[in-house]
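Engineer: need coordinates for the below:
(one chain, ligands or ions: 1)
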Amino acid sequence: MSKPSWRRGARIVALLGGALALTILTQVGGVALLLTAWLARLRRWPVWLSVLGFVAVYGVVSFVVVPPLAEIGGRVRLSCVAGPGRPYAAVNPGLCVLNRNYATPETDALVAALATHMADRYPGTITRFLDAGFPFFDGFPLMPHLSHRDGRKVDLAYYYREADGRRVLDGAAGPIGYWAYEAPGADEARPCAHAKQPNLRWDFAALQSRVTRRADPERMSAALAWLTTEGRAHGLRKVLIEPHLKQRWAPGVDMVRFQGCRAARHDDHLHLELSK
Ligand SMILES: [Zn+2]
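Structural biologist: Got it, this is the predicted structure:
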């Protein structure tokens, strides 16, 4: 193979690899990248213009083209920012940039109703959601989640207290909402302590010492009490958390369940599943 064709081959492999990675991360990013690459080749754009071009194409695809198409397929965008009468939002705007905030209208309504209830009962409380789903296609998983593939699953951040006990009205324990674990105490259940099978139960031990906020047991119990009663009427089917947190916040409630030892840990967020 001559040198230029070797280079061309490497470029194509890099382009396809990038498109695959973006598809896994954002669903539509791979298409945006390939579209930009085609335009860049057609117009002979230099590298800097190609990078800017990708940002522009990705922005137009994500924020102009995708939302109405997703709606035709039955998925809406959960709100990226909180506002008057809307006390809930993505934990981080990056979630919306990555198109990971799509769900069925029923899921959106459930999150909105929970957030309104919590804000009424604990004024100032903003409910933050984490990963929901992608805009299109049932069965297309939102990695690394195994089950977020039909728009009927959404993860919520816990409600937190500062180390001195003050309520955190708005905000999770960290910028992305995951990985700040409410680990079981010495006398609490640890069903996966000796799990042998391969699993997604990462510890991220180095991060734990940086976490100063702790889940607020009062608001967590209130949220779970609402979800497992009123939430049921909104189509909520199940809530997944670790057994020791169920014992602390919703003992004996059968729709609050353990996800098992093979899935990711669920002592850093609430996972909700709806029937619609
Ligand atoms: Zn989940």
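
Engineer: just the pLDDT for the spatially most central residue of the chain.
Structural biologist: For the chain, the residue nearest the mean C-alpha position is residue 131 (1.0 Å; CA atoms, centre = their mean). At residue 131, the pLDDT value in this model is 94.

Engineer: list the contacts for it?
Structural biologist: 95, 100, 142, 145, 148, 154, 155 (CB atoms under 8 Å, 6 or more residues apart in numbering). Where you see a C-beta, it was placed from the backbone N, CA and C, and this is true even at glycine.

Engineer: can you do 7 Å?
Structural biologist: 95, 100, 142, 145, 148, 155 (CB atoms under 7 Å, 6 or more residues apart in numbering).

Engineer: excluding its backbone neighbours, what's nearest the fifth one?
Structural biologist: In this case it means residue 148. residue 142 (4.0 Å; CB to CB, 6 or more residues apart in numbering).

Engineer: and the one you found, how far from residue 253?
Structural biologist: Using CB to CB, to the nearest Å, residue 142 is found at 26 Å from residue 253.

Engineer: more crowded one of those two?
Structural biologist: residue 142 (24 against 15; other CB atoms under 10 Å).

Engineer: mind listing what that one touches?
Structural biologist: 100, 131, 133, 134, 148, 149.

Engineer: wait, a strand at it?
Structural biologist: No: applying DSSP: H, G, I helix; E, B strand; the rest coil, one finds residue 142 to be coil, outside a strand.

Engineer: mind checking the backbone torsions on it?
Structural biologist: Main-chain torsions, residue 142, degrees, to the nearest 10: phi -100, psi 90.

Engineer: can you map out the helices along the stretch 51-200 of the chain?
Structural biologist: 66-72, 93-97, 105-121 (DSSP state H, counting those that start in this stretch).

Engineer: quick one: residue 189 from residue 53, how far?
Structural biologist: With CB to CB as the criterion, residue 189 and residue 53 are 53 Å apart.

Engineer: looking at the two, which is more packed in?
Structural biologist: Neighbours were counted for residue 189 and for residue 53 using other CB under 10 Å; residue 53 has more, 18 against 15.

Engineer: so who does that one touch?
Structural biologist: Contacts of residue 53 by CB under 7 Å, 6+ apart are 36, 39, 40, 45.
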